[in-house]
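Peer 1: generate a structure from the sequence data that follows.
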Amino acid sequence: MQLVVDASVAVKWFVEEEDAQRASLLANGTEEIHCPRLLASEVGSALWRKVLQGQLELGDARTGLESLARMPITWHADEALGADCLRLAFAHDRTVYDSMYLALANRLNARLVTADLRFANALAAIDAGSMVLRLRDYPEGLTGSSGG
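Peer 2: From the prediction side, this is the model:
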(Lines give C-alpha, C1' and ligand atoms only; values in the text may rest on other atoms or scores of the structure.)
Protein backbone atom coordinates (compact mmCIF):
# COMPACT_ATOMS: atom_id res chain seq x y z
CA MET A 1 0.00 0.00 0.00
CA GLN A 2 1.20 3.51 -0.82
CA LEU A 3 1.25 6.03 2.01
CA VAL A 4 2.09 9.72 1.98
CA VAL A 5 3.67 10.72 5.28
CA ASP A 6 3.74 14.32 6.48
CA ALA A 7 6.34 16.02 8.67
CA SER A 8 4.33 15.53 11.86
CA VAL A 9 4.95 11.80 11.45
CA ALA A 10 8.51 11.98 10.10
CA VAL A 11 9.77 14.04 13.05
CA LYS A 12 8.76 11.17 15.31
CA TRP A 13 11.29 8.96 13.51
CA PHE A 14 14.01 11.02 15.21
CA VAL A 15 12.42 12.37 18.40
CA GLU A 16 10.90 10.31 21.18
CA GLU A 17 7.44 11.76 21.66
CA GLU A 18 3.83 10.59 21.63
CA ASP A 19 3.20 7.94 18.94
CA ALA A 20 6.90 7.73 18.03
CA GLN A 21 6.64 3.95 18.29
CA ARG A 22 3.80 3.91 15.73
CA ALA A 23 5.82 6.18 13.44
CA SER A 24 8.77 3.79 13.70
CA LEU A 25 6.49 0.85 12.92
CA LEU A 26 5.30 2.68 9.81
CA ALA A 27 8.86 3.52 8.71
CA ASN A 28 9.95 -0.08 9.12
CA GLY A 29 6.81 -1.64 7.66
CA THR A 30 5.98 -2.96 4.25
CA GLU A 31 4.09 0.09 2.95
CA GLU A 32 5.58 2.26 0.23
CA ILE A 33 6.29 5.68 1.74
CA HIS A 34 5.98 8.72 -0.53
CA CYS A 35 6.78 12.31 0.42
CA PRO A 36 7.10 15.68 -1.28
CA ARG A 37 10.57 17.18 -1.05
CA LEU A 38 9.05 19.78 1.27
CA LEU A 39 9.17 17.14 4.01
CA ALA A 40 12.96 17.42 4.40
CA SER A 41 12.75 21.17 5.05
CA GLU A 42 9.83 20.81 7.44
CA VAL A 43 11.57 18.05 9.41
CA GLY A 44 14.75 20.12 9.51
CA SER A 45 12.83 23.10 10.84
CA ALA A 46 11.10 21.01 13.50
CA LEU A 47 14.39 19.46 14.63
CA TRP A 48 16.01 22.93 14.76
CA ARG A 49 13.16 24.14 16.97
CA LYS A 50 13.56 21.14 19.29
CA VAL A 51 17.30 21.83 19.62
CA LEU A 52 16.57 25.48 20.51
CA GLN A 53 14.03 24.35 23.11
CA GLY A 54 16.54 21.95 24.66
CA GLN A 55 14.53 18.86 23.71
CA LEU A 56 17.17 17.49 21.34
CA GLU A 57 20.93 17.67 20.93
CA LEU A 58 22.30 19.31 17.79
CA GLY A 59 24.22 16.15 16.87
CA ASP A 60 21.06 14.09 17.08
CA ALA A 61 19.21 16.56 14.87
CA ARG A 62 22.03 16.44 12.32
CA THR A 63 22.06 12.63 12.39
CA GLY A 64 18.28 12.58 11.93
CA LEU A 65 18.40 14.74 8.83
CA GLU A 66 21.24 12.71 7.37
CA SER A 67 19.36 9.47 7.93
CA LEU A 68 16.17 10.92 6.41
CA ALA A 69 17.99 11.17 3.09
CA ARG A 70 18.83 7.44 3.25
CA MET A 71 15.38 6.18 4.20
CA PRO A 72 13.37 4.12 1.72
CA ILE A 73 11.17 7.03 0.71
CA THR A 74 10.01 7.81 -2.80
CA TRP A 75 10.52 11.56 -3.10
CA HIS A 76 8.33 13.76 -5.31
CA ALA A 77 9.21 17.19 -6.67
CA ASP A 78 7.25 20.01 -5.04
CA GLU A 79 7.02 21.96 -8.27
CA ALA A 80 5.22 19.05 -9.95
CA LEU A 81 2.50 19.30 -7.29
CA GLY A 82 2.28 23.10 -7.17
CA ALA A 83 -0.92 23.72 -9.14
CA ASP A 84 -2.84 20.93 -7.40
CA CYS A 85 -1.48 22.04 -4.06
CA LEU A 86 -2.64 25.63 -4.48
CA ARG A 87 -6.07 24.51 -5.69
CA LEU A 88 -6.49 22.27 -2.64
CA ALA A 89 -5.24 24.96 -0.26
CA PHE A 90 -7.98 27.33 -1.40
CA ALA A 91 -10.66 24.65 -1.75
CA HIS A 92 -10.14 23.33 1.78
CA ASP A 93 -8.82 26.47 3.52
CA ARG A 94 -5.58 24.72 4.48
CA THR A 95 -1.99 25.94 4.26
CA VAL A 96 0.03 25.36 1.12
CA TYR A 97 2.40 23.23 3.22
CA ASP A 98 -0.37 20.89 4.40
CA SER A 99 -1.94 20.86 0.95
CA MET A 100 1.32 19.64 -0.60
CA TYR A 101 0.89 16.30 1.18
CA LEU A 102 -2.78 16.16 0.27
CA ALA A 103 -1.99 16.88 -3.39
CA LEU A 104 0.54 14.05 -3.46
CA ALA A 105 -1.89 11.63 -1.82
CA ASN A 106 -4.54 12.62 -4.39
CA ARG A 107 -2.13 12.13 -7.26
CA LEU A 108 -1.07 8.68 -6.06
CA ASN A 109 -4.52 7.65 -4.84
CA ALA A 110 -2.78 6.94 -1.53
CA ARG A 111 -3.57 7.41 2.15
CA LEU A 112 -2.10 10.45 3.90
CA VAL A 113 -0.73 9.65 7.36
CA THR A 114 -0.51 12.55 9.81
CA ALA A 115 -0.01 13.05 13.53
CA ASP A 116 -1.44 16.56 13.22
CA LEU A 117 -4.90 16.04 14.69
CA ARG A 118 -6.07 19.55 13.83
CA PHE A 119 -5.23 18.90 10.16
CA ALA A 120 -6.80 15.42 10.22
CA ASN A 121 -9.96 16.68 11.90
CA ALA A 122 -10.31 19.56 9.42
CA LEU A 123 -10.05 17.12 6.51
CA ALA A 124 -12.43 14.64 8.14
CA ALA A 125 -15.24 17.16 7.64
CA ILE A 126 -14.71 17.31 3.88
CA ASP A 127 -14.47 14.88 0.99
CA ALA A 128 -10.71 14.42 1.54
CA GLY A 129 -11.27 12.95 5.00
CA SER A 130 -11.47 9.35 3.81
CA MET A 131 -7.91 9.46 2.49
CA VAL A 132 -6.45 10.69 5.81
CA LEU A 133 -5.18 8.27 8.43
CA ARG A 134 -4.23 9.60 11.84
CA LEU A 135 -0.95 8.14 13.03
CA ARG A 136 -2.58 7.15 16.31
CA ASP A 137 -4.86 4.85 14.28
CA TYR A 138 -1.99 3.17 12.42
CA PRO A 139 -1.84 0.30 11.52
CA GLU A 140 -5.43 -0.67 12.34
CA GLY A 141 -6.80 2.18 10.22
CA LEU A 142 -5.34 0.66 7.05
CA THR A 143 -7.86 -2.15 7.09
CA GLY A 144 -10.80 -0.68 8.93
CA SER A 145 -12.38 2.57 9.94
CA SER A 146 -9.96 5.12 11.31
CA GLY A 147 -12.38 6.05 14.07
CA GLY A 148 -13.64 9.43 15.13
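
Peer 1: what's near enough to touch residue 17?
Peer 2: Under the criterion of C-beta atoms under 8 Å, 6 or more residues apart in numbering, the neighbours of residue 17 are residue 11. In this view, the C-beta of every residue, glycine as well, is placed from N, C-alpha and C.

Peer 1: just checking, next helix/strand downstream of the lowest-mean-pLDDT helix or strand in the chain?
Peer 2: One helix or strand of the chain scores below all others by mean pLDDT, DSSP states H and E: helix 117-124, with a mean of 86. Once the chain leaves helix 117-124, the next helix or strand it forms, by DSSP states H and E, is strand 132-134.

Peer 1: pairing partners for that following strand, with directions?
Peer 2: Looking at strand 132-134 with DSSP bridges, its partner strands are strand 111-114 (parallel).

Peer 1: which residues touch the partner strand?
Peer 2: Here strand 111-114 makes contact (C-beta under 8 Å, 6+ apart) with 1-6, 8-9, 26, 101-102, 104-105, 120, 131-135, 138, 142.

Peer 1: among those, which lie within strands?
Peer 2: Judged by DSSP state E, the contacts of strand 111-114 include 2, 3, 4, 5, 132, 133, 134 as members of strands.

Peer 1: sounds good, over and out.
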